[in-house]
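**Q** coords please:
(chains A and B)
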2 protein chains.
Amino acid sequence: MASSNYNHDQVKAAGLFERFWGKIVRFGLMLKKLGQDDPRRIVHSFKVALALTLVSVLFYFEPLFEGFGIAAMWAILSVVVVFEFSVGATLGRGFNRMLATIVAAALGIGAHRLATLSGNQGEPVLIALFVFVEAGIVTFFRFIPQMKARYNYGLLIFNLTFCLVSVSGYRDDEVIRMAFERVGTIIIGSCIAVAVCVLIRPVWIGVELHNQIATNMEKLANFLEGFGDEYFKLNENGQTRDQSLSLQGYKSVLTSKGSEDTMANLARWEPRHGWFSFRHPWNQYLKVGNLTRHCAIKIEALNSYLTSETQAPPEVKSIIQGPSMIISSECGKALKELATSMKKMIKSSSYEPHIANSKEAAEELKVVIRSSLCKHSADSLHIIQEGAVASLLFQIITCTEDIAEAAHKLASQAHFKDVKPRVTPDQENSVNDGPHHVITIADTAT
Amino acid sequence: MASSNYNHDQVKAAGLFERFWGKIVRFGLMLKKLGQDDPRRIVHSFKVALALTLVSVLFYFEPLFEGFGIAAMWAILSVVVVFEFSVGATLGRGFNRMLATIVAAALGIGAHRLATLSGNQGEPVLIALFVFVEAGIVTFFRFIPQMKARYNYGLLIFNLTFCLVSVSGYRDDEVIRMAFERVGTIIIGSCIAVAVCVLIRPVWIGVELHNQIATNMEKLANFLEGFGDEYFKLNENGQTRDQSLSLQGYKSVLTSKGSEDTMANLARWEPRHGWFSFRHPWNQYLKVGNLTRHCAIKIEALNSYLTSETQAPPEVKSIIQGPSMIISSECGKALKELATSMKKMIKSSSYEPHIANSKEAAEELKVVIRSSLCKHSADSLHIIQEGAVASLLFQIITCTEDIAEAAHKLASQAHFKDVKPRVTPDQENSVNDGPHHVITIADTAT
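**A** Numbering: from 1, shown residues only, chains lettered A, B, ... in the order given. The predicted structure is shown next:
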């Protein structure tokens, strides 16, 4: 490449080409990573391509095309705008689009008719008035929070269809024919989108929400299980805190409220699938999610002591070490049990012994604080810092109990499976075999 | 109404009517409240109605309608889907729609041409292949985070236009004419939407973001300014904690990340307006927002001591009361100064004395902790609790400093006004007249 025959320009061009090529390669790698991170993205792209090809071929070949004429494009348009990643979103948009089109077309025909009756002079004035009033009202309705959450897209389509139908400068019977064509093609397009979305490897947003709530608990559990080792053994071997990065997964929980709310809204559109019924208690999921987030805030506070520059000397830390490590790891185990039984969709009380253990350790920690912490000769600031850690751990027990209660209620409301306790080899490590380990049906059932 | 002449059915009907009427009244009141809470919602509804009436009347009367034929509806469609509440969102959608339509129409014409050349038999196969490949690729591109943030809508429209143009069963010259019509009407519709949105009482999303970031700081400031009184005087007169509800405004800051990110994305579409340039440092706003949220998490932790059932007795609280109240209120004042100068868009160092005061009080608090807190004869658990409060207050000082630094950098990057200090009557209360109160140009300027 860099032979002496090349002049300056050629070398420059080669360099440019290489940089350009490098960009393309990086772009390709990024695309590959996107696909590897979630292969369902590739499946979704295929599904959209398939649905669009289907609707295109349908209207290309079929005599329908002759009948519907230009209206055929509404079918293509519907597939493009209705097809979303999840079933819930697709159904929501499809339903919104179809219902709004039908209602608005009917009203639009009425408006058109009224305007025509008023004669040539009154017609444009009346139509303009109708459009103005309708658009103003419907646009304002989009600000109503409950409407926005579920029918935002429908109101948009209502606006659109009403205008199109009432404005069209055709004779009455033609308007009606066009409206029918439009409604028909929109229904065909929406149904193709929904069918492809549901029939080929569907992504249920309800399942996503279910898994996200469980995964968020797991993230907190990971932090709590690792916290003790990180915090108390930090000073012993003077490690840097790179390891604690693996505990930082909980941070995403802090800002997950928006996505959970959206998912719950979309999940309400989904029909029964697997263990999820049409009236699954999505609100209870949001409650569990909120409590998990509340606990994540406590953990964030705890984390600030882990990453703080000023650490108490080991001898001060060691005063509270024993019970603190138990509280942290037992709360972590309880959350992990809760996450596991949620993922398996079973009613389980396997978290209870862990909470009991952590409460026991909390009593012990209180005794330690009363008897030794304040009497230690160390710098009071360090003592206070350990006190703050202990205080947060007490709060985390309460949070864990709250989460457990809400998750238990959820298991009842959602009719999770009622299983006999089965102690498998990998459960033996984490589950006490004490009397607590009897699976009961939640008495908080609705 | 309930006269004895009425029979059972009539009474029932009257009851039903009353309940129905009650619902309507409540709905009306809810709408009224929506409008009162933010009168711009009413203005927006009028603007949309006006734009739609404009485009309807235009195509109803003009000979354009004859020329464009059925394509006129694309103009109406464009107004409905492009017109958003803020200028940024409207411009973003309008730009996405116009650019995507032009590029996709050109490509679609090419695809149509290629398919036609291959003869009657190859045409449908080639078209189906083109649509499949194009739809798959473009749909996958929508998963790229950077694309999704700014060009999600454009990619959707690209998909749509490419299919419509390449699938249409017309002769080549007709396809080109139709594509031109479509592009023309879409540009007309989008421009009407953008013009009405910008010219009549525009809502700049950049200004919204600016104000929200400042308001969030104020919410934290309100909590901090009120915290001292609430916490330390709680036990004295045994009040219930209803009053502290007025301090809970900060809670909304905890979950504001999503809306801030969206606003910053949309603000990037907006041209220069007022003091906001096209390349306003929106990223720095997000940084300030993140630091504010980080501080809100500390405040949430502090709040749990305010609302906790177990409160230390007044004599324990009183040990740390003096310096703690100063730290809290001075941090609050500093944040309020920062919020005020941000709202006024001025470079100001009026927050500095407050931070200095809080740091001084922190040193004092450390002395108090070292000298008295642990030596008090009270229950160690109460002492530890006060220690935790103190520890959080120390962290809040650091947070406040971080926010101040980021806000100061923002003021430089955004070229806020450089003003001479002016002590107005209501500033006198909150601003020290010490040597700190000299307004300097930030040395962190880019």
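
**Q** from here on, just use CA atoms for contacts and neighbour counts.
**A** Fine.

**Q** what's the mean pLDDT across the host helix or strand of residue A:72?
**A** Using DSSP states H and E, residue A:72 falls within helix A:72-82. Taken as a whole, helix A:72-82 has an average pLDDT of 88.

**Q** packing partners of the next helix or strand after that helix?
**A** Next along the chain after helix A:72-82, taking DSSP H and E as the criterion, comes helix A:87-117. If you count contacts as 3 or more C-alpha pairs under 8 Å, 6 or more residues apart in numbering or on different chains; DSSP states H and E, helix A:87-117 packs onto helix A:72-82, helix A:119-141, helix A:145-167, helix A:172-199, helix A:205-232, helix A:257-267.

**Q** now the angle from helix A:87-117 to helix A:72-82?
**A** 140 degrees (axes from the mean of the first three to the mean of the last three C-alpha atoms, to 10 degrees).

**Q** and the angle from helix A:87-117 to helix A:205-232?
**A** Between helix A:87-117 and helix A:205-232, the angle comes out at 130 degrees (the same axes, to 10 degrees).

**Q** for chain A, which spans come out with low pLDDT?
**A** Applying pLDDT under 70 to chain A flags residues A:1-6, A:61-71, A:169-172, A:234-246, A:420-446.

**Q** and the helix or strand where residue A:16 lies with chain B, contact?
**A** For residue A:16, the element it lies in under DSSP H and E is helix A:8-37. Yes. Helix A:8-37 lies within reach of chain B by C-alpha under 8 Å from any C-alpha of the partner chain, at A:31, A:34.

**Q** list the buried residues of that helix.
**A** Within helix A:8-37, the residues that count as buried by 16 or more other C-alpha atoms under 10 Å in any protein chain shown are A:31, A:34-35.

**Q** and what of stretch A:350-359?
**A** For stretch A:350-359, the neighbour count (16+ other C-alpha under 10 Å) marks A:350-359 as buried.

**Q** and stretch A:220-234, by the same measure?
**A** Those would be A:220-228, A:230-234, for stretch A:220-234 by 16+ other C-alpha under 10 Å.

**Q** gap between the top helix by length along chain A and the chain center?
**A** Longest helix of chain A, by residue count under DSSP state H: helix A:380-413. Relative to its chain's centre, helix A:380-413 lies at 25 Å (C-alpha atoms, centre = their mean, to the nearest Å).

**Q** packing partners of the next helix or strand after it?
**A** Next helix or strand after helix A:380-413 toward the C-terminus (DSSP H and E): strand A:417-418. Judged by 3+ C-alpha pairs under 8 Å, 6+ apart, strand A:417-418 is in contact with strand A:346-347.

**Q** listing partners with orientation, what would you give for the strand it packs on?
**A** Strand A:346-347 pairs in its sheet with strand A:417-418 (parallel), by DSSP bridges.

**Q** distance of residue A:10 relative to residue A:23?
**A** Residue A:10 sits at a distance of 20 Å from residue A:23 (criterion: C-alpha to C-alpha, to the nearest Å).

**Q** residue A:343 contacts residue A:212, doesn't it?
**A** No. In this structure, residue A:343 is not within contact of residue A:212 by C-alpha atoms under 8 Å, at 9.7 Å.

**Q** more neighbours: the two, which one.
**A** The neighbour comparison of residue A:343 against residue A:212 (other C-alpha atoms under 10 Å in any protein chain shown) goes to residue A:212, with 21 against 16.

**Q** whichever residue of the stretch 251-400 of chain A sits closest to chain B: how many residues sit nearby?
**A** Among all residues of the stretch 251-400 of chain A, residue A:388 sits closest to chain B, at 4.2 Å; criterion: C-alpha to the nearest C-alpha. Neighbourhood size, residue A:388 [other C-alpha under 10 Å]: 24.
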